Each structure stands twice: as C-alpha cells, then as structure tokens.
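Chemist: Next input, structure requested:
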Amino acid sequence: MQASELIARFEKFAPLKLKWEHDPTGLQIGDPHQDIHKVLVTLDVRPEVVQEAITIGADMIFAHHPVMFRPANNLDYQDPQKAMYAELAAHHILVYAAHTNLDCAEGGMNDWLAAALDLQNVQGLVPEYRAQAVKLTLTVPTNQVETVQEYLTNTVGATLDRYAVNSGEQFSVDLLADQIPTAVAGINDLAADTWDYQVVQLLSGGHQYYMGRVGDLPTPLSAQAFAEQCKQVFGVSGLRLVSADPRQRITRVAVLGGDGGKFYPQALRAGAQAYVTGDVYYHTGHDMLAAGLTVIDPGHHIESICKSQLTKLFDQWRVQAGWPIEIVASQLNTDPFTFI
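Modeler: Alright, predicted model coming up:
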C-alpha cells in the first residue's frame with residue numbers, strides 16, 4: 001500500500017485544520033505515493049531513531065514532533081541533524097509528523113494523558129478550532145431522495161432537519177461546513193440526474209475542538225500524593241512540583257501535553273487545583289504560585305504515550321482495511337534529560 005492511504009486515514013482522525021498556524025505538521029520527508037511495508041511510530045525523529053528504522057527495515061516513520069522545526073539553510077553533513085536527513089533519503093524512509101493536530105484531536109494526545117491520570121467527567125481546556133454549522137438544502141430527483149438522505153445521515157453524519165419544509169424533491173440537513181465537500185462528492189456519485197443545493201450558515205451549533213483536558217480525580221489527593229502518582233503513571237524518575245502547600249487537597253486536574261505553561265490561566269478558570277504540563281518556565285512558575293495553582297511538570301517526554309496509542313490505533317485500522325503493513329513502536333527513549 002502507499003503511505004498516502006495511511007496519511008489520509010489519519011487526517012480524518014486528526015484533520016490538518018486542527019494544527020496551529022505555522023506548525024510544520026504533515027509530510028516531512030519523502031513521497032506520499034511511496035509503497036510502505038513497515039511503519040515505525042515514535043515521539044521524536046532523532047539520529048538513533050533513524051538507525052532503529054534502518055535496522056528493522058521500516059520504510060516510514062510516523063512521529064509526533066516534526067523532524068524539521070527550523071528550515072535548513074544548507075545540507076552540511078557535518079551537522080548531525082542534516083546528516084540524519086541524508087540517511088533518511090538514502091534509505092528511502094518517508095517521515096510524517098502529527099503535532100498540534102494530534103494534540104487537539106478528540107481521542108488524541110490529551111485524551112490519552114487524561115485517561116492515564118484516570119480523570120473523570122473530562123472536558124476540553126483551551127478552545128482552538130471551531131467547525132461552523134450549516135444548513136444544506138437539497139433538491140434531488142424524487143426517486144433518489146431516500147438514497148441521498150441515507151448517505152448524508154449514515155455516512156457523512158448529517159442530521160435531517162425534520163422542521164424544515166421537506167416536500168417531494170426538497171429537504172434540508174444540518175452538518176458542519178467542513179463536511180460539505182464530502183457530501184457533495186458523494187451525492188455526485190449517487191445522483192445520476194440533475195440536483196442542486198444551497199448552504200446557509202447557522203448561528204448556533206457547530207463543533208468546538210480543544211487543546212488540553214480538565215477533569216476530576218476519582219479520589220481526592222494531596223498535591224504531594226498526586227505528584228507521586230504522576231511519577232508512577234508517566235514512568236519518570238523525577239518531576240518538578242510547583243505548590244505553595246504540598247498538602248493542598250486536589251480534586252480537579254487540568255492536563256496539557258508538551259509546553260503548556262502559558263495556558264495556566266485557563267486551568268484556573270476551569271476550576272482545577274492542579275495542572276499537569278511540561279517545560280514550565282521559572283517566572284511562569286512564580287505566577288502559578290501567586291495564583292494558588294499547584295503545577296506538576298513531569299517533562300515534555302510524557303507525550304511518548306503516543307507510541308503505544310498510535311500503534312494500537314494504526315493496528316485497528318490495518319485489520320479493518322486489510323492493509324499489508326506492520327506497525328512497530330520505537331523502543332528508544334528520546335528524552336534528553338536525566339534526573340541525577
């Protein structure tokens with residue numbers, strides 16, 4: 001199969017519309033029409049990960065963090081990063097990265113972290129992309145109305161508007177604006193005869209996507225006890241605790257994988273007493289303390305949870321679609337930090 005088939009399926013799960021502006025998410029190196037047989041899933045693309053891919057015979061690397069955060073101004077192979085690009089090209093290894101779109105996706109990175117912490121009543125934390133709701137009014141030949149309605153409701157996920165004027169050839173459905181191209185393409189395939197449609201934006205409805213999650217602990221814990229639990233859950237030998245009182249009672253927790261320090265006001269507004277995130281800056285830590293928020297910084301590398309979760313997800317798709325590929329999680333620890 002071609003890499004483009006896996007990429008297309010993934011981008012239905014975590015659409016590129018969810019990524020932050022200027023985030024270099026997506027195809028990094030290679031030709032998406034390349035045939036693939038083995039996919040290595042990793043958090044980071046580092047020289048040792050590339051060697052792992054070569055050793056196991058992988059022809060695609062699927063990463064969370066982009067391999068190219070900054071443009072290369074030359075290809076001097078004395079630079080280990082640029083030599084890594086040469087190794088990837090020489091061994092025809094395609095690289096794809098799913099970064100902030102995976103962070104915002106429902107069932108993606110931050111849901112995995114929330115589940116690892118066993119949070120209950122989980123909600124979104126930081127509003128990001130919002131999908132606009134629209135009303136699609138169609139005029140379809142009478143003998144094709146039922147077929148088109150079934151396609152729109154069962155395949156596209158539209159909702160038939162029972163309160164609109166639905167008579168004979170004309171009916172209306174509510175759906176997201178992003179779904180219009182899929183709906184139109186499908187109807188073109190189904191309706192051999194002439195058909196027409198109109199689109200009107202709705203003032204309400206739509207769908208909001210979020211970065212980060214917030215939820216309740218099953219059992220209240222002290223800040224100290226919750227920090228110890230985070231060490232165990234994320235398998236880290238050390239972490240940083242920002243807390244005015246380690247005995248503080250924690251019942252509600254916000255979590256955001258990666259560098260999420262700047263979002264601590266949203267954690268406070270969501271009613272969280274504790275916030276789990278990485279890469280907290282010194283002065284931001286002071287601000288968190290002053291605000292009375294307990295913060296647990298187990299590092300950026302807790303996002304390596306994506307290796308097992310993506311491998312499981314891709315394997316499900318592989319079985320469903322009959323893909324002739326093997327999915328392998330990287331066995332390497334790419335955390336640059338060691339606690340001593």
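
Chemist: CA only for contacts and neighbour counts going forward, please
Modeler: OK.

Chemist: now the strands for the stretch 51-200 of the chain?
Modeler: 60-63, 94-97, 120-131, 133-139, 159-160, 170-176, 196-201 (DSSP state E, counting those that start in this stretch).

Chemist: residues in contact with the last one?
Modeler: It stands for strand 196-201. 132-140 (CA atoms under 8 Å, 6 or more residues apart in numbering).

Chemist: ok, now the second one?
Modeler: For strand 94-97, the surrounding residues in contact (CA under 8 Å, 6+ apart) are 25-32, 34, 59-67, 88.

Chemist: Try it again at 7 Å.
Modeler: 25-31, 59-66 (CA atoms under 7 Å, 6 or more residues apart in numbering).

Chemist: next one: the third one
Modeler: Residues outside strand 120-131 that contact it (CA under 7 Å, 6+ apart): 18, 176-178, 206-218, 266-267.

Chemist: partner strands of that strand, parallel or antiparallel?
Modeler: Partner strands for strand 120-131, per DSSP bridges, with pairing direction: strand 207-222 (antiparallel).

Chemist: How about the fifth one?
Modeler: Paired neighbours of strand 159-160 in the sheet (DSSP bridges): strand 170-176 (antiparallel).

Chemist: Flag every buried residue along stretch 250-265.
Modeler: By 16 or more other CA atoms under 10 Å, the buried positions in stretch 250-265 come out as 250-258, 260-261, 263-264.

Chemist: Narrow the residues you listed to those in strands?
Modeler: 250-258 (DSSP state E).

Chemist: The stretch 201-340 of the chain: helices as residue ranges?
Modeler: Taking DSSP state H, counting those that start in this stretch to define them, one finds helices in the stretch 201-340 of the chain at 223-234, 264-269, 282-290, 305-321.

Chemist: got a markdown table for these, with mean pLDDT and distance to V41 too?
Modeler: Converted to a markdown table, these look like this (pLDDT from 0 to 100; distance: least, CA to CA, whole Å):
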| stretch | mean pLDDT | distance to V41 |
| --- | --- | --- |
| helix 223-234 | 98 | 18 |
| helix 264-269 | 98 | 30 |
| helix 282-290 | 98 | 33 |
| helix 305-321 | 98 | 6 |
